[in-house]
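S.K.: pasted the sequence and its predicted model underneath.
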Amino acid sequence: MQYDAIILAGGESSGELKKIAPYDNEALIIIGKYPMIYYVYQALRQSSHIRNIVISGPVESLRNIFCREENVYIVEGGDNAVESFVNAVNFLQDKEPSRSVLIMPTDIPFITAEAIDDFINQSEKHDAEFFYAVTSKEVNDHKFPGVNRTYVKLTDGIFTGGNLFMLRTGIINQVIDMAVQLVLRRKNPLAMARLFGLGLVWQYFIKRLSIKAVEKRFYKVMNIKGKAIISDYAEVGVDVDKPSDLELAHRYLADITF
């Protein structure tokens with residue numbers, strides 16, 4: 001089955017990143033031979049599951065990069081992730097969207113088609129409406145040893161938030177605010193837990209919080225079935241938001257040619 005995908009590319013480069021990569025927008029930072037967003041795009045394009053790709057960000061710059069690509073649509077990014085997401089969703093809703101929409105940020109140049117396909121394939125096995133990728137510390141340390149990530153210890157294991165999300169199109173308007181809040185808080189598990197109530201925060205502190213408990217609370221609060229997808233691909237959980245991440249990307253991606 002094929003899906004539409006959204007790349008959120010409206011984020012400005014952070015102060016620390018900008019010191020070593022003088023670009024106003026993260027998506028445009030050159031890694032190896034290409035802008036960072038081009039690696040994300042190529043992973044999506046190589047996935048057998050992806051139909052249309054909508055990129056929400058600086059229109060003029062992005063059109064220069066994707067002017068020759070088919071089924072790629074550029075919409076203006078907003079002042080924040082919420083506005084960028086809404087702009088992309090509104091565009092897709094006018095185009096007869098697919099059953100579900102895959103959402104990802106632009107700062108995950110390590111992402112691969114295999115990781116995307118695995119996330120989608122796992123999601124298709126579950127009766128849920130919102131899907132969110134997580135990866136384990138073990139998987140990340142094996143693939144990218146020494147990379148600092150924010151982890152949370154659950155009864156299921158030690159995990160970090162991933163950077164892939166999928167929504168059933170029928171509930172987009174219902175969950176749009178919550179979905180974006182999860183994107184904004186994906187690196188802060190405690191902040192994510194607060195969205196669902198102090199009970200989850202307490203379970204976290206006494207080390208009794210589980211993935212199932214979060215999913216259950218999500219359904220109670222939102223009346224939406226959510227499902228965490230545990231990925232064995234570290235590329236899902238490692239993004240570029242500080243100089244050390246960018247240095248890692250240069251080492252891993254310098255020789256890649258599309």
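M.R.: Nice, thanks for sending it over. Residues are numbered from 1 along each chain as shown.
S.K.: buried stuff in stretch 2-11?
M.R.: Judged by neighbour count using 16 or more other CB atoms under 10 Å, the buried positions of stretch 2-11 are Tyr3, Asp4, Ala5, Ile6, Ile7, Leu8, Ala9, Gly10, Gly11. All C-beta spots, glycine's among them, are computed from the backbone N, C-alpha and C.
S.K.: what's the closest non-adjacent residue to the spatially most central residue of the chain?
M.R.: The chain has Asn163 as the residue nearest its centroid, 2.7 Å off, counting by CA atoms, centre = their mean. Using CB to CB, 6 or more residues apart in numbering and skipping residues adjacent in sequence, the residue nearest Asn163 is Ile108, 4.8 Å away.
S.K.: the one you found and Ile230: what is the separation?
M.R.: 17 Å (CB to CB, to the nearest Å).
S.K.: between these two, which has more neighbouring residues?
M.R.: Neighbours were counted for Ile108 and for Ile230 using other CB atoms under 10 Å; Ile108 has more, 25 against 17.
S.K.: isn't the more buried one up against Ala234?
M.R.: No. Using CB atoms under 8 Å as the test, Ile108 is too far from Ala234 to be in contact (11.0 Å).
S.K.: pull the contacting residues for the closest residue to Tyr219 other than its chain neighbours.
M.R.: Computed as CB to CB, 6+ apart, the closest residue to Tyr219 that is not its neighbour in sequence is Lys225, at 5.8 Å. Residues in contact with Lys225, defined by CB atoms under 8 Å, 6 or more residues apart in numbering, are Asp127, Ala128, Glu129, Phe130, Glu215, Tyr219.
S.K.: narrow those to those in strands?
M.R.: Cross-referencing the contacts of Lys225 against strands under DSSP state E gives Phe130.
S.K.: from the contacts of Lys225, list the buried ones, please.
M.R.: Among the contacts of Lys225, those buried by neighbour count (16+ other CB under 10 Å) are Ala128, Glu129, Phe130, Glu215.
S.K.: out of the residues you listed, show me where the pLDDT dips lowest.
M.R.: Across these, the member with the lowest pLDDT is Glu215, scoring 89.
S.K.: re earlier: between the contacts of Lys225, which is nearest Asp245?
M.R.: Using CB to CB, Phe130 comes nearest to Asp245 of those, at 27.1 Å.
S.K.: give the other helices and strands that the host helix or strand of Leu17 contacts.
M.R.: Using DSSP states H and E, Leu17 sits in helix 15-20. Contact partners of helix 15-20 among helices and strands, from 3 or more CB pairs under 8 Å, 6 or more residues apart in numbering; DSSP states H and E: helix 243-253.
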